[in-house]
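In: attaching a predicted model along with its sequence, questions to come.
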2 protein chains.
Amino acid sequence: MSSTRPGAAATQEQDWPAYVEDFRRAGHEVVDWIAHYLEHTRDYPVLPKVKPGDLTVALPRSAPDKGESYDAILKDFDNIILPAVTHWNHPRFMAYFACTGSAPAILAEALSAALNTNGLSWKSSPAISELEQVALGWLRQWMGLPDDYFGIIYDTASISTLHAIAAARDMADPNVRTEGARPILTLYTSQESHASVEKGAIALGIGQNNVRKIPSDAEFRLRPEALVEAIEKDLAGGKRPFCVVATVGTTSTTSVDPVSAMADIAERYGLWLHIDAAYAGAAAILPEYQHILRGAERAHSLVVNAHKWLFTPVDLSAFFTRRPEILRRAFSLIPDYLQAAGGPGALNLTASDLGVPLGRRFRALKLWFMMRYFGRERIQAILRSHIAWAKRFEQVVRSDPRFEVVAPVPFSVVCFRYKGTNEENSALMESANSTGEVFISHTVLHGQVALRLAIGNLGTTWDDVERAWELLQEKAPKSR
Amino acid sequence: MSSTRPGAAATQEQDWPAYVEDFRRAGHEVVDWIAHYLEHTRDYPVLPKVKPGDLTVALPRSAPDKGESYDAILKDFDNIILPAVTHWNHPRFMAYFACTGSAPAILAEALSAALNTNGLSWKSSPAISELEQVALGWLRQWMGLPDDYFGIIYDTASISTLHAIAAARDMADPNVRTEGARPILTLYTSQESHASVEKGAIALGIGQNNVRKIPSDAEFRLRPEALVEAIEKDLAGGKRPFCVVATVGTTSTTSVDPVSAMADIAERYGLWLHIDAAYAGAAAILPEYQHILRGAERAHSLVVNAHKWLFTPVDLSAFFTRRPEILRRAFSLIPDYLQAAGGPGALNLTASDLGVPLGRRFRALKLWFMMRYFGRERIQAILRSHIAWAKRFEQVVRSDPRFEVVAPVPFSVVCFRYKGTNEENSALMESANSTGEVFISHTVLHGQVALRLAIGNLGTTWDDVERAWELLQEKAPKSR
């Protein structure tokens, strides 16, 4: 039949060996490039020295008609893309939250892309379905979470939290699924909680006006009595409280909400309790920190991001829920083309039944590689170092009378400020960041700009933290 | 200060060179493994021969306390994970839709994981923000989409479609954002459209009961007069029509809805028109197929998945909208900790402002690598081959009196059936799939089980399609 083969001119058959050899050659180059990058990350400015549009104008307006060589592509990667990269994998990336693209996870991502296997259902990829359960089970054990927490991987904590709120809505009013939302459900969270809670509520049609931002105490923890007050007021006003979100490690100061007290309140009023432990949940891997999740055994769901403080490149958000059947009830829709025998239902592992996304990458692979490569003890040792360095950084900041520490330091993030104006603090941050040696971020606490130094990259050493401090001391006005 | 260095025992400093060398050695092994895999993918059964639970019981119940070697991890990858993988990158993976993890994109994914740069905002990664615009601009040109289509990358089409519907809701009723949804908005789509439309409507609080599944014609295309009828009926009933979703390449039969007629209707009633071209949009890269997107210049949004027929591993869903300001209005929330000077606002490229997810991988890199490595002409040649082979497969099916083709073949998917019972067709599919040589899927058309053969892997040749047909002929009952 080969004589009648259509499209023979474009057949890849005869080109395939060259295509693979081309990959092999370029692949070895890429591995060496990454090894060099991991060894010399500090040679790059953490924040790139580019202006908006620099990258855009450096690239052609149109894609090529003819294919190009790996040499040409990798050369442009080096010369054009790299100068515009903010180096999140840099040991002195100390903005936002801890993050690391660790070596074993990089290899897992390459393998995952090569397999390109996709977890629509168990049958569509048993490996994704089952390894996800295995790896999340391991993580659950490490964090001391109860066995009845069912795990599923989403891309980001924002998406995890959206699913938590959707499940909460379904628990409160299963008719929303069919009939649509009515603006009477109210959600509670601290004024310090992540914007994703509000954004999830907006997306789900709850409405910003039905999100109650409960005041926090002097240490940025939700005040339980204010929560009760808000719930009672809504009940009196004909609203229907349905969900409360606690944060373990808030975005600004890493404060920890009183989860047990909130669980009491959630039980009393029949609310879904979701715990956002996206960053700090990792600390529960340390026995001496497992208390931060006290009360989680009574929560309905919890999110922790492996791509934050667990050495896994973005994206891997681990979502746990004790009520998977409600999540399923909220989202299950199995169309004809997936009604495969032996598929959905097998082991109850049809992830697409548990949320919005249908296609799913093999994300569990990188979590599994990471956990095995490091092992629990090494992870614990590294987390302990990060926490110890944060405490030490807190001390050195306190030792300089020009500075003050403006929030407790429960984990690996320090919030501090120069004792001056907001403008002086912003200028100090910009000045330190513009050196390219460090990237710290800021927040606003009680109307005052505070600087945030977040420790958590695998390659960070105390010397890196010290270098950040030297820069800040150097750039700060000499006396006050 | 080194004498007082806390956590010295766990410091990674002295271990770092070994960590990098370890990566380098394992990385070269992984590259060779992938090269071998790409060369010999056909040696693997497309569908794994495992039972639910096989993988789970083969792995330890707990993660290791001590770290393990790459050798141990990669050995288990080969011996335990791989036998449970459904090989979506197999040339005879002909289920669902086209997909390929191409070589250049695999390298891009490894680099993306190594950089671990994260696109919260322009400042958080200029490279992500700008390369995303550049690569999506290239794709827009290839597809012949108008310049006023603004592009953004999400993970999956389901998430893209959710954002389209959310923007549609905001256009119809900007108050939903603050006040919450009311169950009066109604959405229209064909009975052939993807389940993600309904799922998006459920998530957003529109309600399944407010999703109108408009009947399609004999060739599975939405009937415009039935759409008008449904809209008029809803208006008369006090509902508020707000969105219509057209599909270019439906999930079952790859039929193409009458986009221009639907654009007329959308304009007449003030509806947001979203086009789901997740699979077949790629065909518009062929000049002779650009007509499939006629009317798109009057649509509000469109999704096409590079991880389907564009040789990019999952996940990369390209979402285009002509009304980014409405998407922004629906989702914008810039919290204090991201209110960085020079950041948000610069070039209007704050992607987190345009949807639910905050963290974003450097997905654009793999699209850019893929487009450059192949170039437009090679991509066109490959797409033409796939389409030609589908037409040819259609002919060979028609030539066997035991079989019938049950839907038009506009692209690279053929729907056909054995002229027997549903059970016989299901059994035939299972029988062919159980050989491990091929994976085809099925759907249900007019209550009848139909088999689907989807062509689209980069490595597929006509011989692969022919082998699938041989298996089907061999497994089908001999006479009828």
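Out: Cool, the structure landed. Residues are numbered from 1 along each chain as shown, chains lettered A, B, ... in the order given.
In: tell me the centre residue of chain A?
Out: Chain A has A:Asn305 as the residue nearest its centroid, 4.3 Å off, counting by C-alpha atoms, centre = their mean.
In: bridging residues for it?
Out: Assessed by DSSP bridges, A:Asn305 has beta-bridge partners A:Ser317.
In: identify the residues contacting it.
Out: By C-beta atoms under 8 Å, 6 or more residues apart in numbering or on different chains, the contact set of A:Asn305 is A:156-157, A:278-279, A:281, A:316-318, B:359. C-betas here are computed from N, CA, C, even on glycine.
In: now A:Val248
Out: By C-beta under 8 Å, 6+ apart, the contact set of A:Val248 is A:256-257, A:259, A:275-277, A:280-281, A:292-293.
In: how near is A:Glu437 to chain B?
Out: As judged by C-beta to the nearest C-beta, to the nearest Å, A:Glu437 and chain B stand 17 Å apart.
In: would you confirm that that residue belongs to a strand?
Out: No - counting by DSSP: H, G, I helix; E, B strand; the rest coil, A:Glu437 is not part of a strand but coil.
In: next up, the contacts around A:Pro183.
Out: By C-beta under 8 Å, 6+ apart, the neighbours of A:Pro183 are A:205-207, A:209-210, B:179-182.
In: with A:Tyr70 instead?
Out: Contacts of A:Tyr70 by C-beta under 8 Å, 6+ apart are A:22, A:25-26, A:29, B:104, B:107, B:373.
In: hmm, the longest helix along chain A touching chain B?
Out: Using DSSP state H to define each element, chain A has its longest helix at helix A:364-398. Yes - interface with chain B: helix A:364-398 contributes A:365-366, A:369, A:371-378, A:381-382, A:384-385, A:388-389, A:391-392 (C-beta under 8 Å from any C-beta of the partner chain).
In: helices and strands around that helix, which ones?
Out: Judged by 3 or more C-beta pairs under 8 Å, 6 or more residues apart in numbering or on different chains; DSSP states H and E, the packing partners of helix A:364-398 are helix A:103-115, helix A:126-142, helix A:306-309, strand A:403-405, strand A:413-418, helix A:462-475, helix B:70-76.
In: in chain A, where is pLDDT below threshold?
Out: Along chain A, segments meeting pLDDT under 70 span A:1-13, A:334-349, A:479-480.
In: run the last query once more with 50
Out: Across chain A, the ranges flagged by pLDDT under 50 are A:1-11, A:340-347.
In: what about the strands in it?
Out: Taking DSSP state E, the strands of chain A run over residues A:93-94, A:150-154, A:185-190, A:211-214, A:240-247, A:272-276, A:301-305, A:317-321, A:403-405, A:413-418, A:439-445, A:448-454.
In: now these as a markdown table including distance to B:Val396?
Out: Shown next, in a markdown table, are the strands of chain A (distance: least, C-beta to C-beta, whole Å):
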| stretch | distance to B:Val396 |
| --- | --- |
| strand A:93-94 | 57 |
| strand A:150-154 | 42 |
| strand A:185-190 | 56 |
| strand A:211-214 | 59 |
| strand A:240-247 | 56 |
| strand A:272-276 | 54 |
| strand A:301-305 | 50 |
| strand A:317-321 | 46 |
| strand A:403-405 | 75 |
| strand A:413-418 | 64 |
| strand A:439-445 | 60 |
| strand A:448-454 | 61 |
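In: near chain B, which residues of the stretch 351-480 of chain A?
Out: So the stretch 351-480 of chain A meets chain B at A:356-361, A:365-366, A:369, A:371-378, A:381-382, A:384-385, A:388-389, A:391-392, A:426, A:430, A:441-444, A:452, A:458-463, A:466 (C-beta under 8 Å from any C-beta).
In: at 6 Å instead, please
Out: Neighbours of chain B within the stretch 351-480 of chain A, by C-beta under 6 Å from any C-beta of the partner chain: A:356-359, A:361, A:369, A:371-378, A:381-382, A:384-385, A:388, A:392, A:443-444, A:461-462.
In: how far away is A:Leu131 from chain B?
Out: 6 Å.
In: likewise for A:Phe220?
Out: A:Phe220 sits 13 Å away from chain B, taking C-beta to the nearest C-beta as the criterion.
In: check A:Tyr269 too.
Out: With C-beta to the nearest C-beta as the criterion, A:Tyr269 and chain B are 19 Å apart.
In: please apply the same query to A:Tyr188.
Out: In terms of C-beta to the nearest C-beta, A:Tyr188 sits 15 Å off from chain B.
In: so which of the strands of chain A is nearest B:Lys123?
Out: Set against B:Lys123 and scored by C-beta to C-beta, the strands of chain A come closest in strand A:439-445, at 9.5 Å.
In: how far away from the center of its chain is that closest one?
Out: From the chain centre to the centre of strand A:439-445 is a distance of 18 Å (C-alpha atoms, centre = their mean, to the nearest Å).
In: rewinding a little: please pick the buried ones from the residues of the stretch 351-480 of chain A next to chain B.
Out: Using 16 or more other C-beta atoms under 10 Å in any protein chain shown as the burial test, these include A:356-359, A:361, A:369, A:371-376, A:378, A:381-382, A:384-385, A:388, A:392, A:443, A:461-462 as buried.
In: nearest to B:Leu120, of the contacts of A:Val248?
Out: Closest approach to B:Leu120 among the contacts of A:Val248 (C-beta to C-beta): A:Asp276, at 16.8 Å.
In: contacting residues around the closest one?
Out: With contact taken as C-beta atoms under 6 Å, 6 or more residues apart in numbering or on different chains, A:Asp276 is in contact with A:245, A:247, A:303.
In: which of those residues has the largest number of neighbours?
Out: Within those, most neighbours by other C-beta atoms under 10 Å in any protein chain shown means A:Val245, with 33 neighbours.
In: hang on, that one packs against A:His274?
Out: Yes - A:Val245 is in contact with A:His274 according to C-beta atoms under 6 Å; the separation is 4.8 Å.
In: A:Arg372 touches B:Ile73, doesn't it?
Out: Yes - if you go by C-beta under 6 Å, A:Arg372 and B:Ile73 touch, sitting 5.1 Å apart.
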